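Undergrad: Mind folding the following:
(2 chains)
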Amino acid sequence: MESWRRATAAFAAFAGPTTLWLMVFFLVPLGIIWVYSFGENVSLTEIKTTWTWSNYARIFEPEIATLFWRTLWLSGIATVVCLIVGYPVALSIATAEAKWKPWLLLVIMLPFWTNLLIRTYAMLNILGAQGRLNDVIGWVWAAGDGLASLVGLDGLFGERFQPVTFLGTQLGVVIGLVYVQLPFAILPLYSSMERLDRSYLEASMDLGAGQFRTFFLVLVPLTSAGLVTAAIITFIPALGSFLTPDLLGRGQVDMIANVIERQFKKANDWPFGSALSLFLLYVTFIVLAVKAIIDMQAAKRRRS
Amino acid sequence: MSEPTLKKRALRLRDAKPIVEIRNVTKRWGSFLAVDDISLDIAEGEFFAMLGPSGCGKTTLLRMVSGFETPSEGEVRIGGEDMTWVPPNKRPVNMVFQSYAVFPHMTVRKNVAYGLEVDRVPAAEIKTRVDEALALVQLSQFADRKPDQLSGGQRQRVALARALVKKPRVLLLDEPLSALDAKLRDAMRLELVKLQQQIGVTFIMVTHDQDEAMAVADRIAVLHKGRIRQVASPETLYQRPADAFVADFIGRTNFFEPKSVRRAGAGATVETAETAALAFDRVPEGDITLSLRPEKVRIGPEAKGDVTLQARLGDVAFQGENSVVELHLPSGRAILAFVAGDAAATVGAMEEGSAIPVAWNASDMLPLARG
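TA: You can find the predicted model right below:
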């Protein structure tokens, strides 16, 4: 391929529009936000850039710090659940017959064809007090209650069926996050399993290991790159998720994005909102840096 | 190994009890018949090769011995016990995979120890056995390396050590040399033979390379389209092939199509475009062809034999100790001849297309059933 240095005009023609687009609609707004984050509100509509660190200092006040921890915690839990649920799904697609694979992958990607907002409203319907999930739990309760009274243990499971509260709880938000992020976890896991030479697993079995040990001693270590990618690709969008905690959390399980939104709207505190946004960005960078370090060390371990 | 010990070994193996017994095994994939009613006994201590072109069912057969496939019909017995439905991790056999499948996330030592660790062998014993196995394949100084710091040949030896450390009753090798370059492949052939004689474990090797099978195996099963064509020692396969397919697959040969076959009892008189009527004592049933090995063809002014012809010289390929000569017979058929020594020099000095006398003995032509 010809070096771009020698074909400057062609390079500019191809790279120019994209670069311009990113400059105007990404870097410049980001720069504005960055400047705002060092500003102070002087009136309802005016922000004065005073290069103060106070906006950043406020992040570490207990109220906001707690929210950050909750965001990390809920995203972390959702990531772990996604990996645990996604791994066997990815494995069964990777080991399915070749003619089924495209269809199974299609099923995984199908939710992307519907807008997230609509899917989240659907989740409201499912998780509500009179929702579908509670219908099922109620039915199971009724069956259990019937069985209990048969053996003379009336009221073993309580007098009356109490619907489980999902909406407005951390559980509900985690369910929502898992639902949204699961396809993103499955796809990298699937691709790492698809690439894996099947004879590693056969060699393990041949050497006397059963399914269980082959899974944990060979399959999981050899797909660890896929696991890390899946974790990152699940965790980072979860950190910034807004709609899921907003609708499923009912304002009681706010994550950091909800707080940021409030600064720009109700609270009209753009400088603080900007500082929060950038802080979230830095946290994301740290997560990515950790992955880069893990990758580098893995490469080094292989070499040494 | 000298000739008498070879004989002794063959006799000992003939009397040995079978360690692997394959009984009427059939394997179907949908409507495709991968293995078609094969029965085979493999003796304890034998170096056995399953040879055939790709898709002949040899790998499927090996995988049924290892336990990765189960037969659609029939029975696989190992050490006298029915193992047809026993999973691979419970069979007294170990396998060297075509891709070696050396675990990339473990050191050489960890790889070799893996099979013992999953068997919960005490740590002290694991250490001695792993050290022994690594010494056996001359990898002791590489014990703490990771697989991607090893060459292809070294990785293969890790795979061998990892399988042998389990003290299997049978070692299965799936195309073990196909991923190595030509020089290394020749060296590893010899090493495999030496190793097998040193430890005395039964080896079953699958290969599509007839030279490889001939070089290492005590006996070879030639497979084609899921069926066994012949099971015999390399010498027998070469000198007395069961049919035209085996003759063609093992070494090189010339075929002569008969113009007429007049049968008389077990024998027949066969006439071809090149030869007058020749009488053979034993001729197989059905459609036949005559096979003549290239080294049986004599050429040059002094060439003598039952059949003599004037041919025209075609391509001559010089291959070191002998030359492969293409000869155009008056009938239009082209045949190959191997010539060595003075004859090779004579032929080498001749122009392409010049006339050359050719001769061979009728007894060197083998009537074979067409494969």
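
Undergrad: what about residue B:106, which SS state?
TA: At residue B:106 the chain is in coil, as set by DSSP: H, G, I helix; E, B strand; the rest coil.

Undergrad: isn't it right next to residue B:114, touching?
TA: Yes - applying C-beta atoms under 8 Å as the test, residue B:106 and residue B:114 come out as touching, 6.9 Å apart. Placement of C-beta: from N, CA and C, glycine included.

Undergrad: Which residue of these two possesses the greater neighbour count?
TA: residue B:114 (25 against 19; other C-beta atoms under 10 Å in any protein chain shown).

Undergrad: Sketch out the low-pLDDT regions of chain B for me.
TA: Within chain B, the segments meeting pLDDT under 70 span B:1-7, B:371.

Undergrad: Which residue does it have closest to chain A?
TA: residue B:115 (3.5 Å; C-beta to the nearest C-beta).

Undergrad: Name the helix or strand for that residue, please.
TA: Applying DSSP states H and E as the criterion places residue B:115 in helix B:108-118.

Undergrad: and that helix, how far out from the chain's middle?
TA: On the basis of C-alpha atoms, centre = their mean, to the nearest Å, helix B:108-118 sits 31 Å off its chain's mean C-alpha point.

Undergrad: which residues touch it?
TA: Contact with helix B:108-118 is made by A:204, A:207-209, A:213, A:217, B:89, B:94, B:102-103, B:106, B:125-126, B:129-130, B:133-134, B:139, B:142-147, B:150, B:158, B:161-163, B:165-166, as judged by C-beta atoms under 8 Å, 6 or more residues apart in numbering or on different chains.

Undergrad: Sheet-wise, list the partners of the helix or strand containing residue B:269 with their directions.
TA: Following DSSP H and E, one finds residue B:269 within strand B:267-272. Under the criterion DSSP bridges, strand B:267-272 sits next to strand B:258-264 (antiparallel), strand B:278-280 (antiparallel) in its sheet.

Undergrad: Show me what whichever helix or strand comes after the last one packs onto, helices and strands only.
TA: Past strand B:278-280, heading to the C-terminal end, the next element that is a helix or strand (DSSP H and E) is strand B:288-292. Strand B:288-292 sits against helix B:244-249, strand B:254-256, strand B:258-264, strand B:267-272, strand B:366-369, with contacts defined as 3 or more C-beta pairs under 8 Å, 6 or more residues apart in numbering or on different chains; DSSP states H and E.

Undergrad: Distance to residue B:194 for the ones you listed - can I get that in a markdown table?
TA: A markdown table is the format used below for these (distance: least, C-beta to C-beta, whole Å):
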| stretch | distance to residue B:194 |
| --- | --- |
| helix B:244-249 | 27 |
| strand B:254-256 | 36 |
| strand B:258-264 | 45 |
| strand B:267-272 | 45 |
| strand B:366-369 | 34 |
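
Undergrad: what's the most buried one of these?
TA: Ranked by mean neighbour count, the helices and strands packed on strand B:288-292 are led by helix B:244-249 with a mean of 22 (mean count of other C-beta atoms under 10 Å in any protein chain shown).

Undergrad: count of neighbours near residue B:322?
TA: By other C-beta under 10 Å, the residues close to residue B:322 number 17.

Undergrad: pretty sure it contacts residue B:338?
TA: Yes - look at residue B:322 against residue B:338 with C-beta under 8 Å: they come within range, at 5.0 Å.

Undergrad: For residue B:340, see how far away residue B:319 is.
TA: Relative to residue B:340, residue B:319 is positioned 10 Å away (C-beta to C-beta, to the nearest Å).

Undergrad: Show me which of these two is the more surrounded one.
TA: Per other C-beta under 10 Å, whichever of residue B:319 and residue B:340 has more neighbours is residue B:340, with 12 against 9.

Undergrad: in what helix or strand does residue 177 lie?
TA: Reading this off chain A. helix A:170-195.

Undergrad: Can you name the residue of chain A nearest to chain B?
TA: Nearest residue of chain A to chain B, counting by C-beta to the nearest C-beta: residue A:207, 3.5 Å away.

Undergrad: ok now do that residue, which residues does it touch?
TA: By C-beta under 8 Å, 6+ apart, residue A:207 lies in contact with B:89, B:94, B:114, B:115, B:118, B:162, B:163, B:166.

Undergrad: what helices or strands is the helix or strand harbouring residue A:293 leaning on?
TA: Secondary structure assignment for residue A:293, by DSSP H and E: helix A:270-303. In terms of contacts (3+ C-beta pairs under 8 Å, 6+ apart), helix A:270-303 is packed against helix A:28-36, strand A:39-41, helix A:54-59, helix A:62-94, helix A:224-239, helix A:256-264.
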